[in-house]
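>>> Got a predicted model here, sequence first, then my questions.
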Amino acid sequence: MKIKYLAAVVISLASLGLTQRADAILEMTYNNGSSQSSANLFGTVIPGTQSGGQVDRDVLMTNQLVSMTLGQQGTFIVNGDSGLYSRSFNSFGTPPAAIAAGAVPVTGILDGTTPVTVNLGTGFTYLVAAYDGPNGSVAVFNVAGLTGSVDLYRYAKRDGLTGNLIGSNVAAQGFFKMTGWTLLNPTGAVPDGGTTVMLLGAALGGLGMARRFLKI
């Protein structure tokens, strides 16, 4: 009976490491001056596409970034609107095309002094945050592999035309409030196969040691 309980405990502890959780607020720096971008940032758009429904335009902007190379920056017309697109220097392997199926859009963000919390549910690939329409900007994050909740800045402003966005949770001159966010490409947060095997091996090894200890 003790072995069964130990097995349950060891496997439960191992499962905690199967997915990565984001604890800090997601930053929006495209280039910190050394060709490095904030973790999880997929790219930025200034000012962002305004035409069409929220999900459709977020899919189009994300796919424009998907089509670009690491660190590439340029002005593109997407769905009739011109914007500066900045693909981050972060490599996410071969990122999939964004799709509208299963998207979760949210609007009606209120003024406040705290971050905007997004519940990732069972997992998505992209998180798109838009700030104040034609006067603002868009940040696209790759959140594949993350579960639980992540935080976004409630306000943002452009850092000139660098492609960098500066976030704040307090309204100030030059900062624009988030108008909405969209989760794209539900994934179920399937963990990396190699990591899974390693953690399960550690769990089974720990169980074996526990059995030997109980026999002594």
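Received, thanks. Bear in mind that the values here come from a model prediction, so they are computed numbers and not experimental data.

>>> ok, residue 164 - contacts?
Taking C-beta atoms under 8 Å, 6 or more residues apart in numbering, we find residue 164 in contact with 28-31, 44, 158. C-betas here are computed from N, CA, C, even on glycine.

>>> quick one: which of those is most hemmed in?
When neighbours are taken as other C-beta atoms under 10 Å, the top entry among the contacts of residue 164 is residue 44 (33 neighbours).

>>> For the one helix or strand that residue maps to, C-alpha coordinates in CSV please.
When elements are assigned from DSSP states H and E, residue 44 belongs to strand 41-46. C-alpha atoms of strand 41-46 as CSV (Å, rounded to 0.1, in the frame of the first residue of the first chain):
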residue,chain,number,x,y,z
LEU,A,41,8.2,38.0,-27.9
PHE,A,42,7.4,36.9,-31.4
GLY,A,43,7.3,40.4,-32.9
THR,A,44,5.7,43.8,-32.8
VAL,A,45,3.5,45.8,-35.2
ILE,A,46,3.3,49.6,-35.3
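
>>> What pairs with it, parallel or antiparallel?
The sheet places strand 41-46 alongside strand 81-87 (antiparallel), strand 137-142 (antiparallel), with pairing taken from DSSP bridges.

>>> following the longest one, which helix or strand comes up?
What that stands for is strand 81-87. strand 104-107.

>>> Kindly report the same for the shortest one.
The C-terminal neighbour of strand 137-142 among helices and strands, as given by DSSP H and E, is strand 146-147.

>>> In TSV, list the contacts of residue 164 along with secondary structure, distance to residue 129 and pLDDT.
What follows is these, written out as TSV (DSSP: H, G, I helix; E, B strand; the rest coil; distance: C-beta to C-beta, whole Å; pLDDT from 0 to 100):
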residue	secondary structure	distance to residue 129	pLDDT
28	coil	8	97
29	coil	14	97
30	coil	14	98
31	coil	19	97
44	strand	10	98
158	strand	14	94
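
>>> next one: phi and psi at the residue nearest the centre of the chain?
Residue closest to the mean C-alpha point of the chain, counted by C-alpha atoms, centre = their mean, is residue 143 at 3.0 Å. Note on residue 143: backbone dihedrals following degrees, to the nearest 10 are phi -110, psi 20.

>>> Repeat that for residue 27.
Backbone geometry at residue 27, expressed as degrees, to the nearest 10, gives phi -90, psi 170.

>>> those helices in the chain, which residues are they?
Per DSSP state H, the chain carries helices over the ranges 2-15, 54-66, 193-215.

>>> what packs against the shortest one?
Translated: helix 54-66. strand 41-46, strand 73-78, strand 81-87, strand 104-107, strand 124-131, strand 137-142, strand 176-186 (3 or more C-beta pairs under 8 Å, 6 or more residues apart in numbering; DSSP states H and E).

>>> What's the mean pLDDT across it?
Averaged over helix 54-66, pLDDT sits at 98.

>>> What residues of that helix count as buried?
By neighbour count with 16 or more other C-beta atoms under 10 Å, helix 54-66 contains the buried residues 54-66.

>>> Determine which two of these are furthest apart.
Pairwise distances across the buried residues of helix 54-66 (C-beta to C-beta) peak at 18.4 Å, for the pair 54 and 66.

>>> hmm, back to that, any idea of the angle the strand holding residue 44 forms with strand 73-78?
Angle, strand 41-46 to strand 73-78, by axes from the mean of the first three to the mean of the last three C-alpha atoms, to 10 degrees: 70 degrees.
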